[in-house]
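Visitor: what follows is a predicted structure for the sequence shown.
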Amino acid sequence: MLIPCPHCGPRDVGEFTYGGDATKERPDPGSAAAADWCDYVFQRENPRGPHLEYWHHAQGCRLWLKVRRDTATHRIEGAEIAGPWAGAEARESDSGEGQDVA
Amino acid sequence: MSGFRLPSCGLIDRSRPLHFTFDGKRYQGFAGDSLASALLANGVDILGRSFKYHRPRGLFSAGVEEPNAMVTLRSSARTEPNCKAPMVELFEGLEAKSQNRWPSLGLDIMALNGLAGPLLSAGFYYKTFMGPTRKAWMFYEHFIRKAAGMGAGTQLRDPDRYEETNAFCDVLIAGAGPTGLMAALAAAQSGARIVLVDDQAEMGGSLRGTSLTVGEAAGDIWCRSALAVLSALPNVTLLPRTTVYGYYDDNTFGAVERVSDHLPVPPEATPRQRHWTIRAKQLVIAAGAIERPLIFAGNDTPGVMLADAIRIYVERYGVSPGQRIALFANNDGAYRTVAALAKAGVTVVAVVDPRPEIGAEARSVVEGCGAELLTGHVVTRARGGRRLAAIEVTPYDPANGVQDRLHRSIPVDCLAVSGGWTPTIHLASQASGPARWDEALAAFLPGEPTQPWQAAGACSGELSTAACLTAGIQAGAEAARACGFAPSPISVPAVGPEITCDAILPLWDARPAGGKGKAFVDLQHDVTASDVSLAHREGFRSVEHLKRYTTLGMATDQGKTSNMAGLALMAQERGLSIPEVGTTRFRPPYTPIALGALAGQARGAHFRPLRRTPMHDWHVAEGADMMEVGLWQRPRVYRRDGETVEQAYIREARQVRQSVGIVDVSTLGKIDVQGPDAAEFLNRVYSNGFLKLPEGKARYGLMLREDGFLWDDGTTWRLGEHRFLMTTTTANAAPVLAQLEFLLAAVWPEMKVAVTSVSDQWAAMAVSGPKARDLLAAVLDDIGMSNEAFPFMGVREGHLDGVPVLVARLSFSGELAYEVYAGAHSGEAVWRRIMAAGEAFDVVAYGLEALGTLRIEKGHVAGPELDGRTTAEDLGLGGMTSRRKDYIGSAMMDREGLVDDNRMKLVGLISRDGQPVRSGSHLIVPNGESPPRSLGHVTSSTYSPALEKYIALGLLEDGRNRIGEALVATYPLKGHNVDVEVVSSHFFDPEGSRMHV
Amino acid sequence: MARYSIFSLLSNALTGNRNWARVWRSPEPKPAYDVIIVGGGGHGLATAYYLAKEHGITNVAVLEKGWLGSGNIGRNTTIVRSNYLLPPNAHFYEHSMKLWEGLSQDLNYNVMFSSRGVLNLAHTPGQMDSYARRGNAMRLHGIDAELLDNREVAKFVPGLDTSRKARFPVEGGLLQPRGGTARHDAVVWGYAYGADSRGVDIIENCEVTGFLREGGAVTGVETSRGTIRAGKVGVAVAGSSSVVLAKAGLRDLPIESHVLQAFVSEPLKPLIDTVVTFGAGHLYISQSDKGGLVFGGDLDGYNSYAQRGNLPIIKHVAAEALAMFPNLARLRLVRHWGGVMDMSMDGSPIICKGPVEGLYINAGWCYGGFKATPASGWCFASTIANDRAHALNAAFTLERFCQGRVIDERGAGPQPRLH
């Protein structure tokens, strides 16, 4: 599997660590109910098909990525940088084929 | 003794004789021979014994599909079982042995199994061996395991080396036969980067030794010139002796190059094999096709061979596998073998073909060689035990099948069989939808691609050389175009007259109704046609059930010659067409690959990286017992002459409390945390407060997991308003950093904080003991050491002998103690300086055991207590979980399961009878119920020099209310029981007076 | 149906093996059953078998999407053990072990359960301590366990690198002598044979496409072969749990599906006589009766339903195998494949009544599902028959996650890929 790191270009899956489901948002500690926390920490849709998920380019740029990947085919539709560097340009010389993830 | 060397033809080098042994007997072959061709040339008929019935088996094929001729190569540590003889290149001194026979290949006692044939039908073992007792299987299994298996492995370490490497290209071409060569030529001239891979030593595939003309020249000459062109191109990499074995996601391929297997031993500085991970934009599969056999009684008799294999032995190796040869085929292509034999002057006795009509070229070949042509006939039986003696031939017509009444016998010593061709769709099917059935070829072709590949040539059903050349050009150009290149057209070389493989009659099974004798479908696993019928009868009708129940196609050849026939028989039984029955999934590897090749360099000491601290060499020089801590090597104890480990750590720990000691703590995780929001960030990451930590101060912090359980601990030092140095446990150094990065990216992206690992940048050592201050004062250049100037938990920057250092007054041991951090390169120098100055203060270097002793005496928790199942409250650290802020874990730490009263709590344990309390013991009440119920367990234990007792930490149900109780620490694994008293976990100096002095 | 024995083999051999009957029938689905089990794998078939045998409930259908045993029961490394630390797991798996020990006789089908021992290697004193904790817990639970030192390990497993030169020298190991292996496919066929002969309908090529609901309760299933009603519907579909249960309205579960690869070498004469697991990584290896070395390692580590993995783990596993057995380098891998694991959030299973009336859930097997097969079926049958959990699976609830009553054998927290 090649993950199109927007910063580094397409890189082998062996450079990355999986971070799981990226659709769950951490509840607001101020207002969330216990059930919200259980949902965030334990409950997963676990779809067979497109899956938005986190990957950590641990042996590369160390950015966390949001990747849309099909769990049935392993095909990757796109990847974007999560967090404050989101939208940062890929390096010109070896940009990946990744597109933004909706 | 039937096979013999032909006087002239073949690509072997007759001027270079090579000597080899088979089962200890010495033979001679020539350079260019395979082990198979050399044995054939020497008239060796029996090369192995079959898996179940131990029937004598001869050579069957000339390639990777070989089911019979499996030998063990080499000896002692280089023993390599289950090698397919056609794939073994001959070298001087080659040593081969037959397998699965006892006492010898000629006389195999287990051949008696053949007599019990009907009893040993498919799956017989599921129906018996169940009694008389429940353990009976253990008795039978012993013998069954011995009888099963093929070759024998060795217990010796493989002395050879393996390499791994990577390749990136535009177009990877798997297979360098006519299709692959043309594809490479077509793609290469566009400038695309090409990797061309072939499993043979010499590329060219079916063109090698062929009698066809290609272009203006003999096929073989054309092939060499094409290779010369390709090897001269800078954008082409040729990888002979290499197999692309697996197709992985995103066009990543595994391939193994057999670098030195054709040599007696790998040359100096050369690996035995090299693993290639190839990432290609496009793959052209030019993997060819494999001929398939036909089913009739005795079709495993030595001397029965695939027709095209015979052609290859004649044309490529100059060997005839027999003196009187017959052909049994259902397609025209097989007649090429007749032509080759006739050209070589070998007698072809008869040609048996179930078709009423055959092609004109095929007919003229037979007529030209004088063989008897028996169209509308089949071979129903091969006779002969250790060597084919005769075939029985019977009329056949497609409407009425086999007419067994009219059979006649023809004496032959070799039978060439061809049931048509099976395209090699293995790679394609690893990245495609279901295989596509081609009625005309009676074969499965590659399905719809799910990754960017295209199949061309024989593997996609083109069975003539001319068609392969054309298809190769198309595929190569198309692949290059898909990579953004603009290949210019190249012309197809003309091919001389050839017999094509058209007009197959899809006959699979030539057995007459009710015919007797074993007819094999899977030669290597001894699966017979009647086993397939039995599987059907018992309901194992899906292809997967058929495979699993009969083991059809699961041998080392992975059913390359047997799967199709098995499917055909099952289809016949079920009254369905073959595509309705379907195929099993092809799984990698295409051909078996050595584990060594997969492991590559990651063997022995290189299995995993070794991490050494900056002071490593000093520890080793001082005779430390080094131990593994994750990837790290750390000193366990510094044993003096004659000391046991226990004596050493007691001495070290005692000396720390008496004078001063130094321990290497460089393995701790160290994370630089910077930014205007750094304090707030830490405050959300740690369960205790960090907002108000003053500059120049350190604080011990706890980290919880989001689910509220305790995760990690360590001290974090505030070096500036916006700058902190965090330390983590050794084990969690990487996970904590990843988690911090995650939080900053995904949870709080608005926070202005950057985190960076500085674990490897700092050497760290703790200096502990009553004389620690005096010692450091003697070596530090510019840090005031008084209690007032440098209070407990203070952090100071300064110099030691001119080396910049960070010093923090922290104590894990409970003594007056400091941690000294220096740049990694200066670590050993700083350590040595402290040790040298420390002589005056009676300094001792201490290892992990004494470190453990000191912390247990203080009741400090470490890995055994932080086991991922404990809470801060369990470990007596509930006071450090703030109720006044939100942080990771705060929302979930009060769930009912985490606050149960009967949860196990951290306690101290003191041995009451002077015996050591072993870690891993369980705590039970004395003289209680039987079997005793575990109330908890011992997490860490030591002899305490301070208390002069064996003490331990433990987790105990409702532990804090059991202080003072007498329990037993039981260790049933060794029948060991120790009476213990439950005490507070703070054994020594609970007020902490010593570290505050 | 005739019982299998050496005598039936002999008499059939004399009649050309023409009189063997189908091991299980191939019935058309009836319109309704008392109980439907979704999933014709080991757990589903075992459930049906024990429903019939232990509870007399025989009006049962097992619905299988493809061919019987096409999931993890036919893709695993066949290891059977009960060497668990935490009491709920220890009791459950020990019950399984006891069922294994009599399974061939019980089913009249040889599942080739081979008590050849399961040895977990330890490489540091700390690891020995944690194995001691587990081994002592096992002994207190009446489960066999032995703690071996380096020399004992070397004697027990010839060929294993027990030298001090190893990258992670072997300190010792925890042995469960009764552990071992069984023939995975035989378990499928044996339970199918047993269930079928007690009247259970086993229906292959029957995909569940939806659940019938009446007043909130599940009352049957829609399938590719029509609607089938049932009083109770049990779902035992391992890696497909999320996909199937979503059709019953359970959108989120404490489960992620991950791919786990398995590997087999060419067949060899006996070389490794026990099951050995690596302690400085994650690898388990044994030799099948046919002679192939069977091994597996870590998950690929990402959500997947693809039943195939990728190169990094393949190479990783091979390196671990050679770290343990340097003598295997020249031996060849003949096949590798992947299975889809229903990884739960604490590494332990879920066997319980569902949140919806009439629905029962059996899931979260991580990669321990094979050895659990008998007890899983036994407990699930009991739960379905009695409408409440048996003591042996009382802790394996869906609610435990939120309650904080996780059964976290590894202490890895809610990260499925780490269990």
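Guide: Arrived safely, thanks for sending.

Visitor: who in the stretch 651-800 of chain B is up against chain C?
Guide: Contacts of the stretch 651-800 of chain B with chain C, taken as CB under 8 Å from any CB of the partner chain, map to B:705-709, B:711. The C-beta positions use only the backbone N, C-alpha and C, and glycine is treated the same way.

Visitor: just those residues that are near chain A?
Guide: B:706-707.

Visitor: now the residues of the stretch 651-800 of chain B next to chain C as a markdown table including neighbour count and distance to B:Pro735?
Guide: Listed next are those as a markdown table, based on neighbours: other CB atoms under 10 Å in any protein chain shown; distance: CB to CB, whole Å:
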| residue | neighbour count | distance to B:Pro735 |
| --- | --- | --- |
| B:Arg705 | 20 | 10 |
| B:Glu706 | 21 | 13 |
| B:Asp707 | 26 | 15 |
| B:Gly708 | 26 | 17 |
| B:Phe709 | 25 | 14 |
| B:Trp711 | 25 | 9 |
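
Visitor: out of the residues of the stretch 651-800 of chain B next to chain C, name the ones that lie in strands.
Guide: Among those, DSSP state E puts B:Trp711 in strands.

Visitor: which SSE is the most centrally placed residue in chain A in?
Guide: By CA atoms, centre = their mean, chain A has its centre lying nearest to A:Lys66, at 2.2 Å. Secondary structure assignment for A:Lys66, by DSSP states H and E: strand A:64-70.

Visitor: report the strands that pair with that strand, each with its relative direction.
Guide: If you go by DSSP bridges, strand A:64-70 pairs up with strand A:50-56 (antiparallel), strand A:76-81 (antiparallel).

Visitor: before we move on, the earlier item: ok, the residue nearest to the centre of chain A touching A:Ile76?
Guide: No: using CB atoms under 8 Å, A:Lys66 is not in contact with A:Ile76, being 11.4 Å away.

Visitor: so B:Arg363, which of the three states?
Guide: The three-state assignment at B:Arg363 reads helix, by DSSP: H, G, I helix; E, B strand; the rest coil.

Visitor: excluding chain neighbours, what is closest to it?
Guide: B:Leu373 (7.2 Å; CB to CB, 6 or more residues apart in numbering or on different chains).

Visitor: cool, and C:Ser114?
Guide: According to CB to CB, 6+ apart, the nearest residue to C:Ser114 is C:Gly180 (4.5 Å).

Visitor: and that neighbour, how far from C:Ala375?
Guide: C:Gly180 is 16 Å from C:Ala375, where distance means CB to CB, to the nearest Å.

Visitor: same check on B:Leu947?
Guide: For B:Leu947, the distance to C:Ala375 - CB to CB - is 46 Å.

Visitor: who's more crowded, those two?
Guide: C:Ala375 (28 against 13; other CB atoms under 10 Å in any protein chain shown).

Visitor: hang on, the more buried one in a strand?
Guide: No: read with three-state DSSP, C:Ala375 is helix and lies in no strand.

Visitor: who's in contact with the closest residue to chain B within the stretch 51-200 of chain C?
Guide: As assessed by CB to the nearest CB, chain B sits closest to C:Ala132 within the stretch 51-200 of chain C, at 2.7 Å. By CB atoms under 8 Å, 6 or more residues apart in numbering or on different chains, the residues touching C:Ala132 are B:918-921, B:971, B:973, C:147, C:174.

Visitor: mind listing the helices for chain A?
Guide: Along chain A, counting by DSSP state H, helices occupy A:34-42.

Visitor: near chain B, which residues of it are found?
Guide: So chain A meets chain B at A:1-2, A:10, A:12-13, A:17, A:19, A:22, A:26-27, A:29-30, A:32, A:34, A:37-38, A:40-42, A:54, A:56, A:58, A:62-64, A:73-74, A:76, A:81-86 (CB under 8 Å from any CB).

Visitor: ok, back up a step: mind listing what's buried in the strand holding A:Lys66?
Guide: A:64-70 (16 or more other CB atoms under 10 Å in any protein chain shown).

Visitor: what do you get for stretch B:876-889?
Guide: B:876-877, B:880-882, B:887-889.

Visitor: and the residue nearest to B:Arg363, bridged to which residues?
Guide: B:Val351.

Visitor: pull the number of nearby residues for it.
Guide: 17.

Visitor: quick check: the residue of the stretch 51-200 of chain C closest to chain B is in a helix.
Guide: Yes: counting by three-state DSSP, C:Ala132 is found in a helix.

Visitor: what's stretch B:746-760 in contact with?
Guide: A:19, A:22, A:26, A:54, A:64, A:82-84, A:86, B:668-678, B:680-681, B:684, B:725, B:733-734, B:737, B:740-741, B:744, B:824.

Visitor: up against chain A, what does the stretch 251-400 of chain C have?
Guide: C:251-257, C:301-306, C:310-312, C:345.

Visitor: strands - which of those residues land there?
Guide: Per DSSP E, the subset of those in strands is C:255-257, C:301-303.

Visitor: residue in chain A nearest to chain B?
Guide: A:Gly83 (3.0 Å).

Visitor: so that residue touches B:Ala745, yeah?
Guide: Yes: judged on CB under 8 Å, A:Gly83 makes contact with B:Ala745 at a distance of 3.0 Å.

Visitor: which residues do those two both contact?
Guide: By CB under 8 Å, 6+ apart, A:Gly83 and B:Ala745 have these common neighbours: A:63-64.

Visitor: quick one on the thing from earlier: quick one: the strands paired with strand A:64-70 as a markdown table, columns for mean pLDDT too.
Guide: A markdown table is the format used below for the strands paired with strand A:64-70 (pLDDT from 0 to 100):
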| stretch | mean pLDDT |
| --- | --- |
| strand A:50-56 | 98 |
| strand A:76-81 | 95 |
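
Visitor: go through the ones you listed and name the closest to B:Thr715.
Guide: strand A:50-56 (25.7 Å; CB to CB).

Visitor: please work out which residues outside that closest one touch it.
Guide: Taking CB under 8 Å, 6+ apart as the rule, strand A:50-56 contacts A:3, A:16-23, A:62-71, A:77, A:79, A:82, A:101, B:738, B:741-742, B:746, C:302-303.

Visitor: in ChimeraX, select just the buried ones from these.
Guide: The buried subset of these, as determined by 16+ other CB under 10 Å, is captured in ChimeraX by this line:
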select /A:3,16,17,18,19,20,21,22,62,63,64,65,66,67,68,69,70,71,77,79,82,101 /B:738,741,742,746 /C:302,303
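
Visitor: count residues in the vicinity of residue 47, would you?
Guide: Looking at chain A here, since you left the chain open. 20.

Visitor: wrong chain, I was asking about chain B
Guide: Neighbours around B:Leu47, by other CB under 10 Å: 27.

Visitor: ok, B:Gly928 - how many residues close by?
Guide: Neighbours of B:Gly928 using other CB under 10 Å come to 12.

Visitor: swap that for B:Glu857, sorry
Guide: Using other CB under 10 Å: B:Glu857 sits among 25 other residues.

Visitor: A helix includes it, no?
Guide: Yes: looking at B:Glu857 with three-state DSSP, it is inside a helix.

Visitor: nearest residue to it other than its sequence neighbours?
Guide: B:Phe988 (4.0 Å).

Visitor: same thing with C:Pro169?
Guide: That would be C:His123: by CB to CB, 6+ apart, it lies 6.5 Å from C:Pro169.

Visitor: also B:Ile425?
Guide: Here the residue nearest B:Ile425, using CB to CB, 6+ apart, is B:Pro446, at 4.8 Å.

Visitor: Three-state assignment for the residue sitting nearest the centre point of chain B, please.
Guide: The centre of chain B sits closest to B:Leu598, judged by CA atoms, centre = their mean, with a distance of 5.5 Å. Per three-state DSSP, the secondary structure class of B:Leu598 is helix.

Visitor: which element is B:Ile473 on?
Guide: Using DSSP H and E, the element containing B:Ile473 is helix B:465-482.

Visitor: name the residues of that helix that are buried.
Guide: Per 16+ other CB under 10 Å, helix B:465-482 contains these buried residues: B:465-480.
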